[in-house]
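Engineer: With the sequence up front, the predicted model follows.
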Amino acid sequence: IALRMGHGEREYESKQTRAWFVTTGYLVRLLSGNPKRFDSVSHLIIDEVHERSIDSDILCLLCRRLLVTNPKIKLVLMSATLASEMYASYFKVETPPIRVGGRRYSIKEFFLEDMISNFKLPTKDKKAVMYLRDQCEKSKCKTPPSNTFMGNLYQLAVSLAAKIGRPG
């Protein structure tokens, strides 16, 4: 699994990579500039297709064209609020859509103040939490966050995702 974000940014990509997570804009540029690149692709999965934008609408047009030139590729559109009939008509799909029921999990909210007491954070993350809390108190959401604030927030989110995302 790899990540591509455009502008030559690639993370975790190797010769063993079989799945890429990309932005809509990256996929639009790739499909519009080099549709033959998808000749060896078996599936194209687009999540949150209901979030309409110029990029996503163009992507749907390009995917419809791709299905004509590459009929063996499987296009999977996902959305919690998808207007499936509209998309089935647009892509000329005769089979009914697959609907997957959702299982909901309880959600626990944690606030910055809870982070230090509820998680065993390394010192660097504790400092980030304290910095973020102090900045929130000072600004009261009246000014846009600074680059430093956003950098701390990003690093904390990555650290927490890595910690929480691990099995066990």
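Structural biologist: Structure received.

Engineer: The residue lying farthest from the centre of the chain: which element?
Structural biologist: Among the residues of the chain, the one whose C-alpha is farthest from the average of all C-alpha positions is Lys138, by CA atoms, centre = their mean at 31.3 Å. Under the assignment given by DSSP states H and E, the secondary-structure element containing Lys138 is helix 123-139.

Engineer: helices and strands around that helix, which ones?
Structural biologist: Helix 123-139 sits against helix 112-118, helix 147-164, with contacts defined as 3 or more CB pairs under 8 Å, 6 or more residues apart in numbering; DSSP states H and E. To be clear about C-beta, it is placed using only N, CA and C from the backbone, and glycine gets the same treatment.

Engineer: Packing partners of the longest one?
Structural biologist: It stands for helix 147-164. Taking 3+ CB pairs under 8 Å, 6+ apart as the contact definition, the neighbouring helices and strands of helix 147-164 are helix 123-139.

Engineer: Distance from the helix it packs on to the middle of the chain?
Structural biologist: Computed by CA atoms, centre = their mean, to the nearest Å, the separation of helix 123-139 from the middle of its chain amounts to 26 Å.

Engineer: Extract the C-alpha set from that helix and format it as PDB.
Structural biologist: In PDB, the C-alpha atoms belonging to helix 123-139 read as follows (Å, rounded to 0.1, in the frame of the first residue of the first chain):
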ATOM      1  CA  THR A 123       7.100  13.800  26.300                       C
ATOM      2  CA  LYS A 124       7.100  15.400  22.800                       C
ATOM      3  CA  ASP A 125       3.400  14.700  22.400                       C
ATOM      4  CA  LYS A 126       2.600  16.000  25.900                       C
ATOM      5  CA  LYS A 127       4.300  19.200  25.000                       C
ATOM      6  CA  ALA A 128       2.300  19.400  21.800                       C
ATOM      7  CA  VAL A 129      -0.900  18.900  23.800                       C
ATOM      8  CA  MET A 130       0.000  21.700  26.200                       C
ATOM      9  CA  TYR A 131       1.000  24.000  23.400                       C
ATOM     10  CA  LEU A 132      -2.300  23.400  21.500                       C
ATOM     11  CA  ARG A 133      -4.400  23.800  24.600                       C
ATOM     12  CA  ASP A 134      -2.600  27.100  25.500                       C
ATOM     13  CA  GLN A 135      -3.100  28.400  21.900                       C
ATOM     14  CA  CYS A 136      -6.800  27.500  21.900                       C
ATOM     15  CA  GLU A 137      -7.200  29.300  25.200                       C
ATOM     16  CA  LYS A 138      -5.500  32.400  23.900                       C
ATOM     17  CA  SER A 139      -7.200  32.600  20.500                       C
END
